[in-house]
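>>> sequence first, then the predicted structure, then my questions.
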Amino acid sequence: MSCNTVSASDIQAEVDLSDAAISFMDFFNVESNFDIVLSDVYVAFKLLNRLRKTKAFEVNHNIQIDRARYRASIVSANRMMQPSKPDDMECIREAARYAPYAEGIYDDYRQCLQSAGKFSQDTPYIYLPDLGENDLCLSNCFRLTEFDRPNTAMVYGSFINERFGELIATPYCILIDNDMKKVIVVVRGSASLEDLVTDLQLSPESMDDIGRAFSFDGSNKYAHRGILTRAKWIVNDIKEKKVLKNVLPPREKDREGHQLNGYSLVFTGHSLGATCAVMLATMFKPIYNDIKCYAFCPPGCSDECSEYVVSIICGNDIIPRVNVTNFEVMRYEFFEILARIRCPKSKAIKQLRRPYKDIQIQDQVDRLLYNIEQIPNHTEYYKKLQSFRSSRQEEVIKRFPPHKRLAIPGRIIHLKHGLDDGGNLTKQKFIPYWESRDTFNELTLNLIAIQEHSIGDLSHHLNKIAQEYDRGVDDHCLFSGLESAHASYSPSQEDQECIEEDEGWFVLCSMPRGLATLIPALLAFLAIVLSMIGHNSCTLLARNVEGLYFNTTQSSRVEVTAVTLGLYSYGFEYYIDEDDALSHQCSLHSPQKDPDSYLRVARVSATLAVFVGLWVLGFLAMAQHMHLRNTTLAILSICLLICALCESLVFLALKSSACYTYPDKLTADIELDPCSLDTDSSLVICAAFLWLLAAAFTIHAWHPLR
């Protein structure tokens, strides 16, 4: 057991992290020399994710069949939870009820208690109200009114973890839910460095001693060493404070006449706190017969405890799947998939760098990989792989025999991704299924698997499912959009374009649409350059003038041939007889001279063309590294047409009063011609043409990925 009086800076790695260090070294200590390079790692992990997605696609198709069978009232071995089954409804309702408690214990409860001044100076971050000596008095207790639970009172709360640096101290609280008639012990999950150290103490520890101490059979039962240590600490704290004993006496005869007679005990928590809750429920089961435990996204333990424990897993959550066996399977699959590649690695990398639709992934996998039965067995690599598999199987069985392996406890509710109203896969709707432990024997390494570990999201999904099940509208809400169990999955155009985040939503220079988006990006870049030069030039327009001379001397004569105009400046075009050359002199328009409406519109149009063009260029640049939907490309095309229109409106300056009045340096007796297009007007014309051309190429890019 690790010391419980150290701070985060005093953690001794050689003691507390030995389990993780040994497992880490063992995982990467491969005796066989496979000659793996970084490109092999990239290809293998990308293909592993593709294989995971093909299985997920098949699961989503099976959901359609389950829905159709349910509508037809076909009795089968279907594990989908149904509103017509009382046990399913009870589990869904209670899980939705307790999930917010597992969420609030992280920070919300502590912050509310601190704001209300409920912590004493002698025992900071410990909430222990006066419950009375004889009769239980709940009037002094903190109510969860701010969390929409006015009939839930907190009778004890210990939040000492990162504040005091106790390595095995675990925040938890004891609540009384009068609506449900439950006394609830809520344990917090990982939220500090101390918790991380506990997570890394992952070797299995026997529960034999715990079983003797709490009068249950602990033989051949094992638990996560760090989590079991946390559970012991909570048990000792509960016994020391005696709050649970006073609130809910363990013996039935002591409850007669008690204020909470008829109440039962529930343990709950999330992540690390979930498995702690399972351990606590196992310890208190001999004392409280009617105990229950709801574990949200728990790491593993070896005791199934299906009689009183329900575990809830959301989607592809990685934490419940983390165990030694799954890591060994993933490592072997990593090496095996390199043996299954049927094409040159350079070709595989090129294919993998292009995002693909879900519906096309199976075809791509078939093109890149052999079936397991077709792997060439004459290569030296394959012989090393077989030798590695045999040696690792013996080593794993020796270190982790089957009875010591940790897995998800209790009965398991798995929230699978549901379907939207159009029958397409969505990440905002989930369908609850009863699942076995074997369902979670694969690791999926991606951002979604980490994001779906969130207790906040899980609480939201459970509450939504409970409401829909209570209304009895699962047939129209949870499974809408499909008409036949035998109909093949036909996703909409938008769904076909949808690329999963874990499938490389951003791959540098992957060019998922090829040149279809590169060409308009280059055209837009050139248009922006020409626009900025043309808009800031003073030779956009010109007014011819005759008989005007400046700086005339005996040796040289300077003739003004034209007055030039721009959006923000004007100038004079000189012809120097001595040099036989034209020269320009530009000046900004006088700030005292307000532009007329035509010039204002021309300036605004020029600014808008460049501003919108820069945003469009940014999106087209991103299209070289990630997939943009057709809807996005349509918006970009419209924006490019707007840029072309704005670029054309620049020539409204021809109607400006500057084309008919005299510049500051000229008098009214000089005869000037009206404005005409000058040298740099060709830049603006070219820019407008390039905007139109870029819009045309962007429209041409509207096609499904190949």
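The structure has been received and is ready for your questions.
>>> do I have it right that Gln362 meets Leu368?
No: applying Cβ atoms under 8 Å as the test, Gln362 and Leu368 come out as separate, 11.1 Å apart. Quick note: C-beta positions are derived from backbone N, CA and C, even for glycine.
>>> these two: which has the busier surroundings?
Between Gln362 and Leu368, counted using other Cβ atoms under 10 Å, the more crowded position is Leu368 (20 against 15).
>>> ok, the closest residue to the more buried one other than its chain neighbours - contacts?
Distances taken as Cβ to Cβ, 6 or more residues apart in numbering place Ala348 nearest to Leu368, at 5.5 Å, with adjacent residues excluded. For Ala348, the contact set (Cβ atoms under 8 Å, 6 or more residues apart in numbering) comprises Val43, Leu47, Ile341, Leu368.
>>> can you check Leu385 too?
Applying Cβ under 8 Å, 6+ apart, one finds that Leu385 lies in contact with Ser32, Phe34, Phe335, Glu336, Ala339.
>>> what does the pLDDT read for the last one?
I take that to be Ala339. Among the per-residue scores, Ala339 holds a pLDDT of 86.
>>> can you check the second one too?
Listed pLDDT for Phe34 reads 73.
>>> ok, it touching Tyr381?
Yes: because the distance of 6.9 Å satisfies Cβ under 8 Å, Phe34 is recorded as touching Tyr381.
>>> common neighbours of these two, please.
Common neighbours of Phe34 and Tyr381 are listed as Leu338 (criterion: Cβ under 8 Å, 6+ apart).
>>> checking Ile349 next. Helix, strand or coil?
helix (DSSP: H, G, I helix; E, B strand; the rest coil).
>>> that one - how many residues pack around it?
By other Cβ under 10 Å, the residues close to Ile349 number 13.
>>> what about the spatially closest residue to it that is not a sequence neighbour, which SS state?
Leaving out its chain neighbours, the residue that sits closest to Ile349 by Cβ to Cβ, 6+ apart is Val43, at 6.1 Å. Per three-state DSSP, the local secondary structure of Val43 is helix.
>>> now do Val43, the pLDDT please.
Val43 is assigned a predicted lDDT (pLDDT) of 84.
>>> swap in the one 3 residues further on?
At Lys46 the predicted local distance difference test score is 83.
>>> state the distance from Ile318 to Tyr294.
Ile318 is 20 Å from Tyr294, where distance means Cβ to Cβ, to the nearest Å.
>>> which stretches of the stretch 501-650 of the chain form strands?
Shown for the stretch 501-650 of the chain, the strands assigned by DSSP state E, counting those that start in this stretch span residues 541-550, 558-565, 569-576, 581-588.
>>> touching the last one from outside, list them.
Residues from elsewhere that reach strand 581-588, judged by Cβ under 8 Å, 6+ apart: 538-539, 561, 564, 566, 568-576.
>>> so which of the residues you listed wins on neighbours?
The member of the contacts of strand 581-588 that has the most neighbours, counting by other Cβ under 10 Å, is Thr564 with 25 neighbours.
>>> against Phe572, how distant is that residue?
From Thr564 across to Phe572, the span is 7 Å (Cβ to Cβ).
>>> surely Val365 forms part of a strand?
No: secondary structure assignment (three-state DSSP) places Val365 in helix, not in a strand.
>>> can you give me the helices in the stretch 601-706 of the chain?
Defined through DSSP state H, counting those that start in this stretch, the helices belonging to the stretch 601-706 of the chain, from first to last, are 630-649, 681-700.
>>> just put those helices in CSV and tack on mean pLDDT.
Conversion of the helices of the stretch 601-706 of the chain to CSV gives the following (pLDDT from 0 to 100):
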stretch, mean pLDDT
helix 630-649, 91
helix 681-700, 91
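>>> those into a markdown table, with extra columns for distance to Ser120 and mean neighbour count?
Converted to a markdown table, the helices of the stretch 601-706 of the chain look like this (distance: least, Cβ to Cβ, whole Å; neighbours: other Cβ atoms under 10 Å):
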| stretch | distance to Ser120 | mean neighbour count |
| --- | --- | --- |
| helix 630-649 | 57 | 20 |
| helix 681-700 | 66 | 21 |
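>>> need those helices in JSON lines (columns: distance to Asp108).
Below are the helices of the stretch 601-706 of the chain laid out as JSON lines (distance: least, Cβ to Cβ, whole Å):
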{"stretch": "helix 630-649", "distance to Asp108": "38"}
{"stretch": "helix 681-700", "distance to Asp108": "47"}
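>>> which of these sits closest to Leu352?
Nearest to Leu352 among those is helix 630-649 (23.1 Å), distances taken as Cβ to Cβ.
>>> on that earlier part again, more neighbours: which of Ile318 and Tyr294?
Neighbours around Ile318 and Tyr294, counted as other Cβ under 10 Å, are more numerous at Tyr294. The numbers are 30 against 19.
>>> check that one and give its pLDDT.
We note a pLDDT of 96 for Tyr294 in this prediction.
>>> that one touches Ile312, doesn't it?
Yes: contact status for Tyr294 versus Ile312: in contact at 6.9 Å, counting by Cβ under 8 Å.
>>> please enumerate the shared neighbours of these two.
Both Tyr294 and Ile312 are in contact with Ala95, Ala99, where contact means Cβ under 8 Å, 6+ apart.
>>> next, count neighbours for Tyr101.
Neighbour count for Tyr101, taken as other Cβ under 10 Å: 27.
>>> oops, could you answer that again for Val183 instead?
The local packing count at Val183 equals 21, with neighbours defined by other Cβ under 10 Å.
>>> ok, so what distance separates it from Tyr42?
Spatial separation of Val183 from Tyr42 under the definition Cβ to Cβ is 52 Å.
>>> let me know the pLDDT of the closest residue to Ile642 other than its chain neighbours.
With Cβ to Cβ, 6+ apart as the criterion, Ile642 has its nearest non-adjacent residue at 5.9 Å, and that residue is Val612. Reading off the confidence values, Val612 has pLDDT 93.
>>> quick one: contacts for Val612?
Counting by Cβ under 8 Å, 6+ apart, Val612 has contacts Cys639, Ile642, Cys643, Cys646.
>>> Leu645 versus that one, what's the distance?
For Val612, the distance to Leu645 under the criterion Cβ to Cβ works out to 10 Å.
>>> could you pull out the strands for the stretch 201-350 of the chain?
Across the stretch 201-350 of the chain, reading from the start of the chain, the strands by DSSP E, counting those that start in this stretch fall at 204-206, 222-224, 264-270, 292-296, 309-314.
>>> tell me the most buried of those?
Across the strands of the stretch 201-350 of the chain, averaging neighbours per residue (mean count of other Cβ atoms under 10 Å) puts strand 292-296 on top, at a mean of 29.
>>> what's that strand packed up against?
Using 3 or more Cβ pairs under 8 Å, 6 or more residues apart in numbering; DSSP states H and E as the contact test, the elements touching strand 292-296 are helix 86-104, strand 264-270, helix 272-284, strand 309-314.
>>> follow-up on the earlier one: so which of the helices of the stretch 601-706 of the chain gets nearest Ala96?
Comparing these by their distance to Ala96 (Cβ to Cβ), the top pick is helix 630-649, with 34.8 Å.
>>> tell me how far that closest one is from the chain's mean position?
Remark: helix 630-649 is offset 31 Å from the chain centroid, using Cα atoms, centre = their mean, to the nearest Å.
>>> and the contacts of it?
Under the contact criterion Cβ under 8 Å, 6+ apart, helix 630-649 has outside partners 493-494, 497, 517, 520, 524, 527, 531, 601-602, 605-606, 608-609, 612-613, 615-616, 619-620, 623, 628, 684, 687-689, 691-692, 694-695, 698-699, 701-703.
>>> lowest average confidence, helix or strand, in this structure?
Of all the helices and strands that make up the chain, the one with the lowest confidence by mean pLDDT, DSSP states H and E is helix 493-497; it has a mean of 40.
>>> pLDDT score assigned to the residue nearest to Leu368?
Note for Ala348: predicted pLDDT of 82.
>>> ditto for Tyr308
On pLDDT, Tyr308 comes in at 91.
>>> and it, what is it in contact with?
Contact analysis of Tyr308 by Cβ under 8 Å, 6+ apart lists Ala281, Lys285, Ile291, Lys292, Cys293, Gly410.
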